[in-house]
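J.: Need coordinates for the following:
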Amino acid sequence: MIRLLILLLLLAAPARAEDSLRLVLPEGRPVVGEMIRLTVRGEYDGFIALEDMTFPDSAAYDWMQLLPDDWRDERVNGVQRRVFERQIAIFPRKPGNLVIGPVSHHLTKAEGATRREIVVEAPPVTIAIGPYPAPGLPLVARNLKVTDELSDDPAHIRDDQTIHRRITITAENTMAHLLPPRPDLREKWLISFTSPEKRETRLTEKGPLAFVEWEWSLRPITGEQGTLPPIRFSWFDLAKREMRGSITQPVIFGYGQLGANIGGSTGAVSRWSLIGVVAAGAALALGLALRGQGLRVPDWRRWLPNPHSGALRKAAAEGDLLELRRVALEYAGHEKRFGRAVDPASLRRLDASIFAAEGNDLDRAAFLRELSGR
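T.: Residues are numbered from 1 along each chain as shown. You can find the predicted model right below:
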């Protein structure tokens, strides 16, 4: 009778559940680049003294942990368990069947004075990933916002004034490296100096928030009106499940009287240009005549003086860096047309000095030597 009573008590007692770990995926069919919120859930028995779990990297997805690990006591199927949950954001890189896992959780359990190490493994899960619904780099987000700020009105720019432009993009439920690359603001009538890019992913209560900021210092170098065209940013809207886009407004530069415009060259430059053209024409005519006689003629243009040399030295002596850059570009263009080398690093250093925050620090004598190779 006693044995039967013990057997009945054992049968009536709840069975001791085994430790388990699994990966929980949401419903739906995500597209490439879309954030998938994955939950790693463990249900354990006993006292856990130490634990370690590393989520696996893969060439098929990017990932990040969204929240700190959550440990709590919970009754599961009538049994008190120690529950573990980790929230992971997965960003698939290509369409097709995405396999995630397996994931292993290394546990150290304390049982009285002894400790026991075990490994609990979650089997892999598979989710179908749809293609990104547009050409180009995928960008899937929610509440994407583009701001375009100017330090002043470029339509009424003053002589020698620099306009600072800042474009910022913020987007929910994506990562910073998935945001677009920096736009190119190069124009023939404009010099631009780019500040270092700021790009980061911030964790919020709603999930990851991607952020990128670009900044340029812009200065026109001609007296003509110019326009920076609109910039379009496209993305797949998670709320509406459709493609959307944001377009910046065109930036129109209007000028007063720029002293250093294309048509404002000095008389000395014009005279030297005329002399250079006449000399080049004479050399060319002589060369053609000799070639008509079957003779090989060297390219005499290489020995012709650069007609912009005088204006270059004058601009360097006066210290007007904007005028110096204009003349230096004319000088460099002439040198290249006549097959002579020009140091591009010297022009880059000149641009950096133009936009230097603490004023002009350019060694103008060294600049002339570097540009002319002497």
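J.: just the strands in the stretch 151-300 of the chain please.
T.: 163-172, 190-194, 198-204, 207-220, 226-228, 232-237, 242-247, 251-253 (DSSP state E, counting those that start in this stretch).
J.: Which residue ranges of the protein form helices?
T.: Using DSSP state H, the helices found in the chain span residues 2-12, 267-292, 309-318, 321-337, 344-354, 364-372.
J.: Around residue 115, count how many other residues there are.
T.: Residues near residue 115, counting by other CB atoms under 10 Å, number 12. (Glycine included, C-beta is placed from N, CA and C.)
J.: quick one: pLDDT of the residue nearest to it when sequence neighbours are not counted?
T.: Distance criterion CB to CB, 6 or more residues apart in numbering; nearest residue to residue 115, sequence neighbours excluded, is residue 108 at 5.6 Å. Residue 108 carries a pLDDT value of 96.
J.: Tell me how far residue 108 lies from residue 74.
T.: 21 Å (CB to CB, to the nearest Å).
J.: again, but for residue 157
T.: 65 Å.
J.: And the protein, what are its domain boundaries?
T.: Residue ranges for each domain of the chain read 17-129, 140-253, 265-372, as given by automatic domain parsing.
J.: the more surrounded of residue 157 and residue 74?
T.: residue 157 (19 against 11).
J.: who's in contact with stretch 76-86?
T.: Applying CB atoms under 8 Å, 6 or more residues apart in numbering, the contact partners of stretch 76-86 are 14-17, 39-48, 51, 53, 55, 65, 67, 69-75, 105.
J.: Show me how to select, in ChimeraX, the buried members of the residues you listed.
T.: Filtering the contacts of stretch 76-86 down to the buried ones (16 or more other CB atoms under 10 Å) takes a single ChimeraX command:
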select :40,42,43,44,48,51,53,55,105
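J.: Filter the contacts of stretch 76-86 down to the ones in strands?
T.: With DSSP state E as the criterion, strands contain 39-44, 47-48, 51, 53, 65, 70-75, 105 from among the contacts of stretch 76-86.
J.: which residues touch stretch 337-356?
T.: Contacts for stretch 337-356 (CB under 8 Å, 6+ apart): 162, 191, 193, 217, 219, 299, 301-302, 304, 306, 321-322, 324-325, 328-329, 331-332, 335-336, 360-362, 367, 370-371, 373.
J.: do the same with stretch 233-241
T.: With CB under 8 Å, 6+ apart as the criterion, stretch 233-241 contacts 31, 33-35, 132-134, 136, 138-144, 146, 169, 171, 173, 180, 242-247.
J.: returning to what we had before: least confident of the domains of the chain, on average?
T.: Across the domains of the chain, domain 265-372 gives the lowest mean pLDDT, at a mean of 69.
J.: Number of residues surrounding the residue nearest to residue 115?
T.: Neighbour tally, residue 108, other CB under 10 Å: 14.
J.: Might one say that it is in contact with residue 49?
T.: Yes: with contact defined as CB atoms under 8 Å, residue 108 reaches residue 49; the gap is 4.9 Å.
J.: ok, back up a step: export the strands of the stretch 151-300 of the chain as TSV, with columns for mean neighbour count and distance to residue 122.
T.: Below are these laid out as TSV (neighbours: other CB atoms under 10 Å; distance: least, CB to CB, whole Å):
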stretch	mean neighbour count	distance to residue 122
strand 163-172	18	28
strand 190-194	17	46
strand 198-204	13	24
strand 207-220	20	23
strand 226-228	17	52
strand 232-237	18	30
strand 242-247	12	34
strand 251-253	18	53
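J.: Kindly present those strands as CSV, with separate columns for distance to residue 317.
T.: Output for the strands of the stretch 151-300 of the chain, formatted as CSV (distance: least, CB to CB, whole Å):
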stretch, distance to residue 317
strand 163-172, 28
strand 190-194, 22
strand 198-204, 39
strand 207-220, 22
strand 226-228, 30
strand 232-237, 46
strand 242-247, 46
strand 251-253, 29
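J.: Minimum distance to residue 112: which of those has it?
T.: Closest to residue 112 of the strands of the stretch 151-300 of the chain, according to CB to CB: strand 198-204, at 39.8 Å.
J.: what's the closest one packed up against?
T.: strand 207-220 (3 or more CB pairs under 8 Å, 6 or more residues apart in numbering; DSSP states H and E).
J.: Pretty sure residue 147 sits against residue 165.
T.: No: taking contacts as CB under 8 Å, residue 147 lies outside contact range of residue 165: 11.1 Å.
J.: ok so, going back, list only those of the contacts of stretch 337-356 flagged as buried.
T.: Neighbour-count burial within the contacts of stretch 337-356 applies to 162, 191, 193, 217, 219, 301, 304, 306, 321-322, 324-325, 328, 331-332, 335, 362, 367, 370-371; the criterion is 16+ other CB under 10 Å.
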